[in-house]
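Undergrad: from the sequence below, what's the structure:
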Amino acid sequence: MVNPGLCVSSLNRSTNLSFRINRFFLRALAGRSTEVGACTLVHGACAGPPSHGEFMSDGQNQDVERWIYSDVGKAVQKKVFEQTMTVLEARKPGLGKGVGV
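TA: Below is the predicted model of the structure:
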């Protein structure tokens, strides 16, 4: 999973005006350019097997919370996957079978 960080872009152009104004100031203070965010995504795609299943931010693998690897974390991961597949199947029936899930 790759985190490009807060990037300056027009992705939220359809949100209400007050939200956009607040986001504008936050981005001006802490936002990265879309080029830097894109480089992060490319780096994640090219990082190779050592990065598989890891969380990458700022161009390097980051530690995640320990509970994610516990039995509770595994149960949460399974539940999120199942709920996501339920939504995706409702939108495109047969999607899971088509990708081997």
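
Undergrad: from Gly96, how far out is Phe81?
TA: Distance of Phe81 to Gly96, given as Cβ to Cβ, to the nearest Å: 10 Å. The C-beta positions use only the backbone N, C-alpha and C, and glycine is treated the same way.

Undergrad: oh, that last question was meant for Met56, not what I typed.
TA: Going from Met56 to Gly96 by Cβ to Cβ gives 26 Å.

Undergrad: compare these two (neighbour count), which wins?
TA: More neighbours surround Met56 than the other of Met56 and Gly96, with 18 against 13 (other Cβ atoms under 10 Å).

Undergrad: where does that one sit: helix, strand or coil?
TA: Three-state assignment for Met56 (DSSP: H, G, I helix; E, B strand; the rest coil): strand.

Undergrad: verify the stated contact: it with Gly5.
TA: No. Contact criterion Cβ atoms under 8 Å: Met56 and Gly5 do not qualify, at 11.1 Å.
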